[in-house]
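Asker: 3D, please:
(one chain, ligands or ions: 2)
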Amino acid sequence: MKTFGYFDDKNREYVITDPATPFPWINYLGNEDFFGLISNTGGGYDFYKDAKFRRITRYRYNGVPMDAGGRYFYIREEAPLSPPEGGTIDPSAKTIEAPSGAVGGAPACIWSPGWKPCKTALDSYECRHGMNYTRITGSKNGVEASVLFFVPLKTWAEVQKLTLTNKSGETKRLKLFSFTEWCLWNAATDMENFQRNWSTGEVEIEKAPLSPPEGGTIDPSASKTIEAPSGAVGGATTIYHKTEYKERRNHYAYYALTNAEAQGFDTDRESFIGLYSDFSNPQCVMAGKPSNSVAHGWSPIASHYVEVELQPGESKDFIFVLGYAENEQEKKFETQASLSSPEGKAPLSSPEGDTIDPSASKTIEAPSGAVGGALLTSLGSLDRTIINKEKAHAVIARFSTVEAVDAAFEELCQMWDGLLSKFTVESGNERLDRMVNIWNQYQCMITFCFSRSASFFESGVGRGMGFRDSNQDLVGFVHQIPSRARQRIIDIASTQFPDGGCYHQYQPLTKRGNNDIGGGFNDDPCWLIFGTVAYIKETGDFSILDEMVPFDNQPGTEVTLFEHLRISFDHVVNNLGPHALPLIGRADWNDCLNLNCFSWDPNESFQTTENNSEGSKAESLMIAGLFVLTGKQYVELCRELGKRSDGAAAYAKANGEGSDGAAAYTEEADRAQGCIDAMVEVVKKHGWDGEWYLRAYDFYGNKIGSKECEEGKIFIESQGFCTMAGIGLEDGMVDKALDSCKKYLDCEHGMVLNNPAFTRYYVEMGEISSYPAGYKENAGIFCHNNPWVIIGETVARRGNDAWEHYTKICPAWIKDQQLHKVEPYVYCQMVAGKDAAKPGEGKNSWLTGTAAWNWLTVTQYILGIRPTFDGLEIDPCIPSTLTEYKVHRVLRDAEFEIMVKNPDGKESGVTSITLDGKTVERDRAIPATPGKHTVEVIM
Ligand code: BGC
Ligand code: NOJ
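Answerer: Ligands and ions are numbered 1, 2, ... in the order given. Predicted structure coming up:
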């Protein structure tokens with residue numbers, strides 16, 4: 001079976017060996033403010049914080065060919081008169097004009113290290129996707145080009161280190177062109193409002209003069225940064241993108257070559273590429289020289305042109321920095337003081353041996369660092385057309401030497417060493433170890449940062465941070481950087497309404513609820529309990545509950561976070577339907593089960609259209625299960641707060657002197673438990689179909705997900721949530737429901753969402769029935785909800801079944817990469833189900849709650865290492881063939897080496913536990929006492 005790459009676990013990389021993957025296989029750069037998406041051929045884009053409002057580089061979704069736009073390098077080698085010694089000239093190389101301008105007898109060779117965009121056949125190619133970095137290496141005719149892409153920690157820039165090595169026996173003369181295309185900030189309007197866009201583009205070009213340190217000379221190979229009088233790095237060529245940089249907009253982007261001199265540049269797309277060429281054959285590259293173009297409107301780009309000579313065996317590094325900066329209002333523009341010249345005009349100087357094109361005069365560097373030929377205003381005043389570049393200069397200076405770049409890269413790798421050392425497993429099964437130790441954790445960081453906003457399936461303009469999505473994502477991430485999870489919880493809770501309902505999404509840049517989509521998704525509030533409790537169990541930080549958090553971001557409305565949890569719980573209690581089951585509202589977890597939408601208008605979006613919930617009887621069994629599950633967590637939290645003196649004290653502080661915190665929490669726990677018990681009874685009575693849990697009742701009160709239904713007789717969500725919540729465990733309901741999942745939902749690639757698939761549109765169900773059978777929410781394998789059933793299997797103590805389901809959707813077990821199509825190192829949202837035209841074909845890779853849920857499943861429920869309020873609970877539920885495994889777990893200030901032994905080949909059940917050599921009670925949590933501990937568990 002054809003493969004396109006392999007795992008290199010030692011380096012924590014996935015190595016792609018064939019650039020023509022079945023779909024672009026991408027990676028993510030950056031993990032805090034500045035982000036990039038990068039495909040295995042260099043495609044993708046960057047943005048700052050918000051993929052919609054601060055898009056830095058342009059990308060064409062759904063282009064032809066796929067994955068058009070990115071950070072591209074073109075290498076041009078003029079054809080030798082005769083083939084290199086012992087070699088031949090590759091006829092697949094592009095034929096172009098000879099240097100003389102005549103049609104050459106022998107073609108120049110033009111190629112890209114990532115194969116694309118030139119697509120010249122390479123002699124070798126490799127792409128290594130690692131933890132927040134990507135290294136792409138290609139070689140052609142004895143020259144190797146290797147580019148390392150990463151975003152240094154705490155930096156608003158992507159660094160690209162290109163290393164050119166001459167592996168041949170002869171001198172190589174190369175022409176190197178860099179390329180990136182600017183986006184006009186708002187990624188949505190950038191794609192549509194051309195009557196405006198094509199007039200707004202503006203750039204600046206800065207070539208900082210080289211000025212030798214006093215009394216010294218400039219050694220171009222020197223690793224030390226040379227300062228130009230302007231404050232820029234001497235010799236650096238920087239192209240600034242400043243569209244709309246006026247009083248209203250305070251940010252700009254830049255692309256700099258920091259450690260070598262560029263002999264030219266381009267900033268206007270059509271001048272560089274040509275209206276009738278494309279990314280694969282830009283006219284400047286084909287002609288072998290830049291046009292030094294200055295963009296005025298149209299499509300601004302940034303391209304450097306560098307001439308490189310390499311002796312046999314020689315290697316040279318070129319550092320490019322693609323960055324973003326924001327200026328304070330009063331420091332936005334350049335003060336002209338330092339730029340004055342005797343004539344009051346910046347002198348023009350032309351690139352050696354070249355002439356100045358008068359139409360490009362503004363782009364020619366003046367020795368002073370000013371824009372050549374520009375009229376200067378009087379001394380000390382501001383030029384409101386020129387950016388104050390201090391911030392860019394500082395970043396460029398930081399990354400102007402190879403040593404500095406390598407050190408920053410090392411720092412990034414060390415951060416990942418730290419993040420990935422909090423939970424590691426040695427199980428003897430390399431696939432399991434690789435998922436747990438590397439890729440599942442890495443994907444959790446990515447989903448935490450991006451929610452569902454920007455991937456190769458999410459355009460970054462449609463969705464902000466989801467309320468339910470982000471709460472789930474943080475559960476997979478909280479052990480990595482708890483402080484960031486804490487802030488996320490506060491941000492999410494701040495978008496809640498006083499009745500417990502909430503905005504379904506918010507924008508990361510403003511942190512405000514998104515009005516386009518609004519609220520009314522009745523599962524959303526429960527997820528806040530889910531996220532917050534996971535945070536407290538990981539950190540032991542109960543103080544988060546005392547944080548004062550507003551409603552809908554309105555100052556003055558603050559209540560404690562605990563109060564937000566209480567109203568979240570009550571939002572379900574206050575919104576029950578005719579069977580006393582939770583009303584669904586616009587939708588529950590399944591955004592496409594739109595029971596109150598009734599859309600007949602094909603121009604309407606199911607997701608944003610007005611719903612008619614008036615008089616609706618639509619109830620959700622998924623929310624019922626979710627309520628019981630998260631409600632139990634809420635009760636457990638209240639009981640814990642009642643026991644803790646700080647919990648009681650915080651209550652007293654919030655409720656006035658004399659109030660008895662301990663009693664109040666216990667009372668609240670009892671009240672909540674009453675609601676949960678009632679819900680359990682209702683589910684047993686009105687939510688059971690005989691062999692499985694019903695899915696819902698529709699607007700009219702008819703059953704959904706019942707054997708009485710024509711199609712969609714069984715749904716996975718309610719099986720997952722009701723089994724996880726253990727509803728009817730003692731009556732055999734859990735086992736029966738799990739058996740039904742196997743019988744009706746399971747197939748070779750995982751469990752489908754519903755069965756049988758809908759084959760026609762049902763107006764009373766909405767979007768779910770708009771999908772073809774086997775895809776997405778209509779009987780696709782929605783990987784996100786497979787782990788719910790897997791956890792259900794562990795509740796039923798069926799370790800072998802849990803394991804079988806787990807390995808079916810786990811990337812490390814993918815057999816047919818061609819069929820699976822998307823990245824084989826991360827989970828995807830959906831794999832085409834058994835009713836689809838192509839079962840097994842994956843889609844929507846990367847940004848899916850599957851990552852967090854499978855992390856939870858494998859670490860806490862299969863391996864069974866589960867944080868509690870006091871410490872760790874150990875409760876494995878594993879395949880009987882797993883005879884032993886070792887887990888290293890850092891929890892708060894405690895570090896545990898846990899050895900689990902399964903001598904009798906059991907699936908679950910612990911016989912004995914010893915902590916630091918002493919026997920402890922089996923069902924007591926192991927306290928997170930600071931320091932190192934060894935734990936031995938015998939099953
Ligand atoms: C998709 C869902 C998604 C929703 C909101 C639907 O078209 O099928 O998976 O959650 O849109 O964007
Ligand atoms: C994707 C959404 O991000 C998630 O919130 C939703 O639950 C699933 N689609 C299912 O519709």
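Asker: got the residues of the protein near ligand 2?
Answerer: By the rule Cβ under 6 Å from any ligand atom, the part of the chain lying against ligand 2 is R452, G466, R468, D469, W589, N590, D591, C592, E777. Every C-beta, even on glycine, is put in place using the N, C-alpha and C of the backbone.
Asker: Can you redo these as TSV, where the extra columns are pLDDT and secondary structure?
Answerer: Shown next, in TSV, are those (pLDDT from 0 to 100; DSSP: H, G, I helix; E, B strand; the rest coil):
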residue	pLDDT	secondary structure
R452	95	coil
G466	95	strand
R468	97	helix
D469	98	helix
W589	98	coil
N590	98	coil
D591	97	coil
C592	98	coil
E777	98	coil
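Asker: now those residues as CSV including distance to A696 and neighbour count?
Answerer: Below are those laid out as CSV (distance: Cβ to Cβ, whole Å; neighbours: other Cβ atoms under 10 Å):
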residue, distance to A696, neighbour count
R452, 23, 24
G466, 21, 26
R468, 17, 25
D469, 21, 26
W589, 11, 24
N590, 9, 24
D591, 14, 18
C592, 12, 20
E777, 13, 22
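Asker: can you list those in a markdown table and add distance to F721?
Answerer: Formatted as a markdown table, the residues of the chain next to ligand 2 follow (distance: Cβ to Cβ, whole Å):
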| residue | distance to F721 |
| --- | --- |
| R452 | 21 |
| G466 | 18 |
| R468 | 13 |
| D469 | 17 |
| W589 | 8 |
| N590 | 11 |
| D591 | 16 |
| C592 | 17 |
| E777 | 16 |
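Asker: and those near ligand 1, which?
Answerer: Okay, of the residues of the chain next to ligand 2 touching ligand 1 (Cβ under 6 Å from any ligand atom), that's D591, C592, E777.
Asker: show me the contacts for the second one.
Answerer: Contacts for C592 were tallied using Cβ atoms under 8 Å, 6 or more residues apart in numbering; they are F606, G766, E767, I768, S770, Y771, K776, E777, N778.
Asker: Quick check: of the ones next to ligand 1 among the residues of the chain next to ligand 2, which lies closest to ligand 1?
Answerer: Nearest to ligand 1 out of those is D591 (Cβ to the nearest ligand atom; 3.7 Å).
Asker: That closest one: what's it in contact with?
Answerer: D591 touches F521, Q607, E767, E777, counting by Cβ under 8 Å, 6+ apart.
Asker: what's the answer for M939, then?
Answerer: P876, V900, K901, N902, P903, D904, K906, S908, G909, V910, T911.
Asker: how near is it to T335?
Answerer: 72 Å (Cβ to Cβ, to the nearest Å).
Asker: ok and the residue in the stretch 1-150 of the chain nearest ligand 1?
Answerer: For the stretch 1-150 of the chain, Cβ to the nearest ligand atom, closest residue to ligand 1: K52, 14.0 Å.
Asker: That residue reaches G460, doesn't it?
Answerer: Yes: K52 lies in contact with G460 (Cβ atoms under 8 Å); the separation is 5.8 Å.
Asker: shared neighbours of these two, anything?
Answerer: Residues touching both K52 and G460 (Cβ under 8 Å, 6+ apart): A187, S453.
Asker: which ones are touching the nearest residue to N612 once chain neighbours are set aside?
Answerer: Closest residue to N612 apart from its sequence neighbours, by Cβ to Cβ, 6 or more residues apart in numbering: N596 at 5.6 Å. Neighbouring residues of N596 by Cβ under 8 Å, 6+ apart: I584, G585, R586, N611, N612, S613, S616, A618, F699.
Asker: dump the residue contacts of the fourth one.
Answerer: When you say that, I think you mean N611. Applying Cβ under 8 Å, 6+ apart, the residues near N611 are G520, G585, R586, N594, N596, C597.
Asker: List just the nearest of the residues you listed to ligand 1.
Answerer: N594 (9.9 Å).
Asker: Look up phi and psi at the nearest residue to the closest one once chain neighbours are set aside.
Answerer: Excluding its sequence neighbours, the residue lying closest to N594 (Cβ to Cβ, 6+ apart) is G766, at 2.7 Å. Main-chain dihedrals, G766, degrees, to the nearest 10: phi 80, psi -140.
Asker: What number of residues are in the vicinity of R892?
Answerer: 15 (other Cβ atoms under 10 Å).
Asker: show me the residues around the residue of the stretch 151-300 of the chain found nearest ligand 1 that make contact.
Answerer: Closest to ligand 1 within the stretch 151-300 of the chain is A188: 15.1 Å, counting by Cβ to the nearest ligand atom. Residues near A188 by Cβ under 8 Å, 6+ apart: K52, V461.
Asker: Tell me how far it lies from E144.
Answerer: 40 Å.
Asker: Can you find the residue of the stretch 651-800 of the chain that comes nearest to ligand 1?
Answerer: K776 (4.7 Å).
Asker: since we're on that residue, how many residues are nearby?
Answerer: Using other Cβ under 10 Å: K776 sits among 21 other residues.
Asker: isn't it right next to M830, touching?
Answerer: Yes: between K776 and M830 there is a contact at 5.7 Å, judged by Cβ under 8 Å.
Asker: what residues do the two have in common as contacts?
Answerer: F782.
Asker: For ligand 2, what's the nearest residue on this structure?
Answerer: D591 (3.7 Å).
Asker: Assign E411 to helix, strand or coil.
Answerer: Under DSSP: H, G, I helix; E, B strand; the rest coil, the three-state class of E411 is helix.
Asker: Quick check: the gap between it and D523.
Answerer: 40 Å.
Asker: Many thanks, I have nothing further to ask.
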